[in-house]
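Visitor: sequence first, predicted coordinates after that:
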Amino acid sequence: MVKPIIYQVFTRLFGNRNTTCKENGTLAENGTGKMNDFDQETLKRIKAMGVTHVWYTGVIRHASQTNYSAYGIPRQHAQVVKGRAGSPYAITDYYDVDPDLAVDVNNRMAEFEALIERTHQAGLKVVMDFVPNHVAREYKSICKPKGVKDLGEDDNTQMHFSAQNNFYYLWGQPLDLRNVQRGSAEGQEPYTEAPARATGNDQFSATPGSNDWYETVKLNYGIDYCDAGGRSEHFNPIPDTWNKMTDILLFWAAKGIDAFRCDMAEMVPAAFWFWATDKVKFRYPNLKFIGEVYNPAEYRNYIGAGFDWLYDKVGMYDCIRDVICQRRRAADITAQWQATDDIRQHMLYFLENHDEQRIASDFFAGDARKGVPGHVVSVLLQQNPYMLYAGQELGERGMDKEGFSGTDGRTTIFDYWCVDTLRRGYFERRKRTQAERELLAVYQQVMLIANKEKAAREGDTFDLMYVNQHLADRQFAFLRKAENEMLLVVANFSNEQKQADVVIPAHAFDFLQIPETETTATDLLSKEKLKLVLRRDNSVTMQLEPWGGRVYKLKF
């Protein structure tokens, strides 16, 4: 049994060592990372943190303002591309690899296949994106297998909706982009689309706004969103899009990847996922599906439809963020795991990803150290998976003004850029700051505990907060136990050093079968030892450092 720990890397940014960092800079000016930057040494360092999976974000070819027409790749119109580098979620060819990531553009698929092999040789599993809900406005596959028809190729554009169309059409109205932020057209004629197609974020209007996903078009899975009676489902016969998208999943599964992270999975009907995951897992039974689902009321539907792990965003992430920012009590974390206790092994915890603001940013906590207690809780509370975003472990602030992204506390997904913490962390390691070294050390310690310690990897959990209301504002405490080993974990969300008297109730002794005893525990983070007298309903006293934690290991 292994606790999955996913390391998300934004592939284009990770290995880029070009420090020009010009706002709105081109590929030639700002450079880009490559798949080859993930060499054996780099992958070894990633694995050494306790990571089990690497999510290579942005591998499939997407819309970009960079001109690769010399390689036979269709050029994209700047008006329907966000940023110079473009969004990795505006796919232009589901069967192709982003040319930015290749040393030899003509050999880009082989380079990705080699990356998969290197990753596996390093003892890591490969996660890649699957973007099922929408594609780039100028989607055109040049790499699809022989005999495969392109999306929209056989659509009847005179029909607003047909279950056999791949897109939704807006009754002959041309697309009107007057309300959006336009890219530099660079001598191009204005972008035209007639009839207009529905925009990716379920915008069924020919005039999307700047806050819409205007660079994308919505895929049609057999739901008529504009039916006179409201949404209606047309799943029999099987919609054409279901077959095409399942074939795409099977294409990439055959490359040897281990998991799909499915973008905005809840915008695609659960019925499709049930149908598609069944076919994929029949051939590749160990392949995992990770769903970006934000509606807790839908969690169980999507798990039933074949998803192995779902983002726990509106529950656990939002709560821990609020605790870090002192907007909620630490004890509120209890309600979050309880709300999903019946599906806890399916919930993916995280503190950062490409959509969310960096902990160290001015928009979140302003100091990376404040995220440490949240990391301790997220990694060690349960057996479920955890995701770490590259740079989080080094205190990346995300406060650069890269271009389209702007200064928003996030690391850009739209621009060519160099992330200085990652450059130092992996490629110029002698230049790492002391703060970066210290933060990485504690992140690494916690994640290694998650799989090295049986109690953390597969033990039962006992939440101690109901008998420790005196700690409820800024501390969170729980037990993990497997066989004769137990961990007492206490996270301190306070900026002050605290003495904590942690009560262990009689019920915990019964539930976990803890013997009453006197023993010595070792803090796995600091290696400090603590003499404990374990008695029913008695307390254990310890000192907690600001924004820190204790992970005391006991053996009976």
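Guide: Looks like it arrived, so ask away.
Visitor: pLDDT weak spots in this structure?
Guide: Applying pLDDT under 70 to the chain flags the ranges 181-187, 228.
Visitor: which residue is nearest the centroid of this structure?
Guide: In the chain, the C-alpha nearest the mean C-alpha coordinate belongs to N353, at 5.0 Å (CA atoms, centre = their mean).
Visitor: quickly find the element holding that residue.
Guide: Take DSSP states H and E as the rule and N353 turns out to sit in neither a helix nor a strand.
Visitor: give me the number of residues near the nearest residue to G72 once chain neighbours are set aside?
Guide: Spatial nearest neighbour of G72, excluding adjacent residues (CB to CB, 6 or more residues apart in numbering): I142 at 6.4 Å. Quick note: C-beta positions are derived from backbone N, CA and C, even for glycine. By other CB atoms under 10 Å, the residues close to I142 number 14.
Visitor: correct me if wrong: I142 contacts Y94.
Guide: No: using CB atoms under 8 Å, I142 is not in contact with Y94; the gap is 11.2 Å.
Visitor: mind saving the C-alpha coords of the lengthiest helix in the chain as PDB?
Guide: Longest helix of the chain, by residue count under DSSP state H: helix 434-452. What follows is helix 434-452 as a C-alpha-only set of coordinates in PDB (Å, rounded to 0.1, in the frame of the first residue of the first chain):
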ATOM      1  CA  GLN A 434      18.600  29.600   3.400                       C
ATOM      2  CA  ALA A 435      14.800  30.000   3.700                       C
ATOM      3  CA  GLU A 436      14.300  27.900   0.600                       C
ATOM      4  CA  ARG A 437      16.500  25.100   1.900                       C
ATOM      5  CA  GLU A 438      14.700  25.100   5.300                       C
ATOM      6  CA  LEU A 439      11.200  25.100   3.700                       C
ATOM      7  CA  LEU A 440      12.200  22.300   1.300                       C
ATOM      8  CA  ALA A 441      13.600  20.200   4.200                       C
ATOM      9  CA  VAL A 442      10.300  20.300   6.200                       C
ATOM     10  CA  TYR A 443       8.100  19.700   3.200                       C
ATOM     11  CA  GLN A 444      10.300  16.700   2.300                       C
ATOM     12  CA  GLN A 445      10.300  15.300   5.800                       C
ATOM     13  CA  VAL A 446       6.500  15.400   6.000                       C
ATOM     14  CA  MET A 447       6.000  13.700   2.700                       C
ATOM     15  CA  LEU A 448       8.600  11.000   3.400                       C
ATOM     16  CA  ILE A 449       6.900  10.200   6.700                       C
ATOM     17  CA  ALA A 450       3.600   9.700   4.700                       C
ATOM     18  CA  ASN A 451       5.100   6.500   3.100                       C
ATOM     19  CA  LYS A 452       7.900   5.500   5.300                       C
END
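Visitor: other SSEs contacting that helix?
Guide: strand 5-10, helix 372-380, strand 386-389, helix 454-458, strand 549-555 (3 or more CB pairs under 8 Å, 6 or more residues apart in numbering; DSSP states H and E).
Visitor: reformat the ones you listed as CSV; add mean neighbour count and distance to D98.
Guide: What follows is these, written out as CSV (neighbours: other CB atoms under 10 Å; distance: least, CB to CB, whole Å):
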stretch, mean neighbour count, distance to D98
strand 5-10, 23, 11
helix 372-380, 26, 30
strand 386-389, 25, 19
helix 454-458, 20, 35
strand 549-555, 21, 39
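Visitor: I'd like the ones you listed as a markdown table, with distance to K146 appended.
Guide: Formatted as a markdown table, the helices and strands packed on helix 434-452 follow (distance: least, CB to CB, whole Å):
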| stretch | distance to K146 |
| --- | --- |
| strand 5-10 | 33 |
| helix 372-380 | 46 |
| strand 386-389 | 37 |
| helix 454-458 | 46 |
| strand 549-555 | 55 |
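Visitor: ok, which of the ones you listed comes nearest N156?
Guide: Checking the helices and strands packed on helix 434-452 against N156 by CB to CB gives strand 5-10 as the closest, at 38.5 Å.
Visitor: buried residues of the helix or strand just after the closest one, list them for me.
Guide: Using DSSP H and E, the helix or strand that follows strand 5-10 towards the C-terminus is helix 11-14. Across helix 11-14, burial judged by 16 or more other CB atoms under 10 Å covers T11, R12, L13, F14.
Visitor: can I get these in a markdown table including distance to D247?
Guide: What follows is those, written out as a markdown table (distance: CB to CB, whole Å):
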| residue | distance to D247 |
| --- | --- |
| T11 | 24 |
| R12 | 26 |
| L13 | 30 |
| F14 | 30 |
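Visitor: contact partners for V180?
Guide: P208, G209, S210, D212, Y214 (CB atoms under 8 Å, 6 or more residues apart in numbering).
Visitor: list the contacts of the residue nearest to the centre of the chain.
Guide: Q8, M387, Y389.
Visitor: all helices in the stretch 101-250 of the chain, in order from the N-terminus.
Guide: In the stretch 101-250 of the chain, the helices defined using DSSP state H, counting those that start in this stretch lie at 108-121, 240-253.
Visitor: I'd like to know which elements the first one is packed against.
Guide: For helix 108-121, the contact count by 3+ CB pairs under 8 Å, 6+ apart identifies helix 40-48, strand 91-97, strand 125-130 as packing neighbours.
Visitor: what's in contact with that helix?
Guide: 34-36, 38-40, 43, 54, 56, 59, 96-99, 101-104, 125-126, 143, 255-257.
Visitor: any idea how far G31 is from R429?
Guide: Remark: distance between R429 and G31 (CB to CB, to the nearest Å) = 20 Å.
Visitor: okay, these two: which has more neighbours?
Guide: Comparing R429 with G31 by other CB under 10 Å, the one with more neighbours is G31, at 21 against 12.
Visitor: quick one: contacts for the more buried one?
Guide: N16, R17, N18, T20, Y416, C418 are the contacts of G31 under CB under 8 Å, 6+ apart.
Visitor: the second one: which element?
Guide: Okay, so that is R17. Judged by DSSP H and E, R17 forms part of no helix or strand.
Visitor: so it sits against R423, correct?
Guide: Yes: using CB under 8 Å, R17 makes contact with R423 at a distance of 5.4 Å.
Visitor: neighbour count: these two, which is higher?
Guide: R423 (21 against 14).
Visitor: helix, strand, or coil at that one?
Guide: Three-state call for R423 (DSSP: H, G, I helix; E, B strand; the rest coil): helix.
Visitor: residues contacting it?
Guide: Counting by CB under 8 Å, 6+ apart, R423 makes contact with N16, R17, T19.
Visitor: ok, now which ones touch the closest residue to P99 other than its chain neighbours?
Guide: Residue nearest to P99 in three dimensions, not counting chain neighbours: V105, with 4.6 Å by CB to CB, 6+ apart. Going by CB under 8 Å, 6+ apart, V105 touches Y68, Y71, I73, P99.
Visitor: closest one to A198 out of these, please.
Guide: Proximity of the contacts of V105 to A198 (CB to CB) peaks at I73, which lies at 26.0 Å.
Visitor: the closest one in helix, strand or coil?
Guide: coil.
Visitor: tell me how far it lies from I142.
Guide: 7 Å.
Visitor: with Q497 instead?
Guide: 61 Å.
Visitor: check W417 too.
Guide: On the measure of CB to CB, W417 and I142 end up 27 Å apart.
Visitor: before we move on, what about A521?
Guide: From A521 to I142 the distance is 61 Å (CB to CB).
Visitor: repeat that for A122.
Guide: Taken as CB to CB, the span from A122 to I142 is 32 Å.
Visitor: for the stretch 201-350 of the chain, which segments count as strands?
Guide: For the stretch 201-350 of the chain, strands defined by DSSP state E, counting those that start in this stretch occupy the ranges 216-218, 223-224, 232-233, 259-262, 288-291, 309-311, 347-350.
Visitor: reformat these as TSV; add distance to I504 and mean neighbour count.
Guide: Converted to TSV, the strands of the stretch 201-350 of the chain look like this (distance: least, CB to CB, whole Å; neighbours: other CB atoms under 10 Å):
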stretch	distance to I504	mean neighbour count
strand 216-218	53	27
strand 223-224	52	20
strand 232-233	52	14
strand 259-262	38	25
strand 288-291	35	25
strand 309-311	31	24
strand 347-350	24	24
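Visitor: closest to D408 among the contacts of R423?
Guide: The nearest one, if we look at the contacts of R423 relative to D408 and count by CB to CB, is N16, at 19.6 Å.
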